[in-house]
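Trainee: Please work out how this folds:
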Amino acid sequence: CLLWCVCSVPPLSQPVALLLFLLRLRLLVLQALSRVYVLGPTFRAENSHSPRHLSEFYMLEAEASFADMDDAVTLSEQLLKKCMVHITETCEEDLKVIWDRERRVQKSEGKLAEDDLGSWVSSMDQPFAYITYDDAVQALQNSAASFRYPVAWGDDLKFEHEQWLAATYCM
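Mentor: A predicted model of the protein is given here:
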């Protein structure tokens with residue numbers, strides 16, 4: 001059973017047919033197994049003007065039977081922490097090089113450099129902070145911070161909003 005989706009993708013000049021076979025296959029396999037993971041290349045066919053959004057990347061997708069949003073969030077946190085622990089244990093020298101470069105960039109931009117790699121490692125022992133979209137918008141609107149982009153319910157949060165939430169509200 002193949003499922004095709006015909007849609008118009010703006011960066012491409014004409015409609016394209018996207019094969020959704022893997023999604024259908026995952027759903028079929030999910031009937032026999034409680035969890036299914038897929039790690040594979042992903043192509044984002046959208047017009048992006050940000051260095052934070054790649055058009056091609058690898059994505060880990062997880063499907064779980066009889067799971068709700070809380071289960072999905074918990075599973076995502078566990079997977080991310082496991083990856084962080086593995087990277088920390090196997091790539092310590094690489095992480096030091098990356099961390100030192102980031103500190104030099106922050107200093108050159110006149111920003112306060114973060115502590116060191118130890119703060120990142122110790123964060124793995126702490127539970128992640130969670131906030132709903134509604135609470136995030138309300139916190140941003142009630143803050144005394146001055147944002148370049150105004151915050152309104154229904155709008156996408158900008159990078160400056162995410163930074164403020166991570167540094168101020170979710171700590």
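Trainee: Buried residues in the helix or strand hosting residue 136, which are they?
Mentor: Using DSSP states H and E, residue 136 sits within helix 133-142. The neighbour-count check on helix 133-142 (16 or more other Cβ atoms under 10 Å) flags 136-137, 139-140 as buried. C-beta coordinates here come from the backbone N, C-alpha and C atoms, glycine included.
Trainee: Show me what the longest helix anywhere in the chain packs onto, helices and strands only.
Mentor: Longest helix in the chain, counting residues (DSSP state H): helix 69-90. Where contact means 3 or more Cβ pairs under 8 Å, 6 or more residues apart in numbering; DSSP states H and E, helix 69-90 is packed against strand 56-64.
Trainee: what angle sits between the strand it packs on and helix 69-90?
Mentor: Orientation of strand 56-64 against helix 69-90 (axes from the mean of the first three to the mean of the last three Cα atoms, to 10 degrees) gives an angle of 130 degrees.
Trainee: What is strand 56-64 packed up against?
Mentor: So strand 56-64, by 3+ Cβ pairs under 8 Å, 6+ apart, packs with helix 21-30, strand 35-43, helix 69-90.
Trainee: now it, how far from the chain's geometric center?
Mentor: In terms of Cα atoms, centre = their mean, to the nearest Å, the centre of strand 56-64 is set 11 Å apart from its chain centre.
Trainee: before we move on, the earlier item: buried sites along the very next helix or strand once past the longest helix of the chain?
Mentor: Note on helix 69-90: by DSSP H and E, the next helix or strand toward the C-terminus is helix 92-108. Residues residue 99 are the ones in helix 92-108 that count as buried (16+ other Cβ under 10 Å).
Trainee: Give me the distance between helix 92-108 and the centre of its chain.
Mentor: Between the centre of helix 92-108 and the centre of its host chain there is 21 Å, according to Cα atoms, centre = their mean.
Trainee: Ok, stretch 60-73 next?
Mentor: 15 Å.
Trainee: Over to stretch 61-75?
Mentor: Put simply, stretch 61-75 sits 16 Å off its chain's centre (Cα atoms, centre = their mean).
Trainee: Report how many residues lie close to residue 25.
Mentor: By other Cβ atoms under 10 Å, 15 other residues sit near residue 25.
Trainee: could you measure it against residue 63, distance?
Mentor: Going from residue 25 to residue 63 by Cβ to Cβ, to the nearest Å gives 10 Å.
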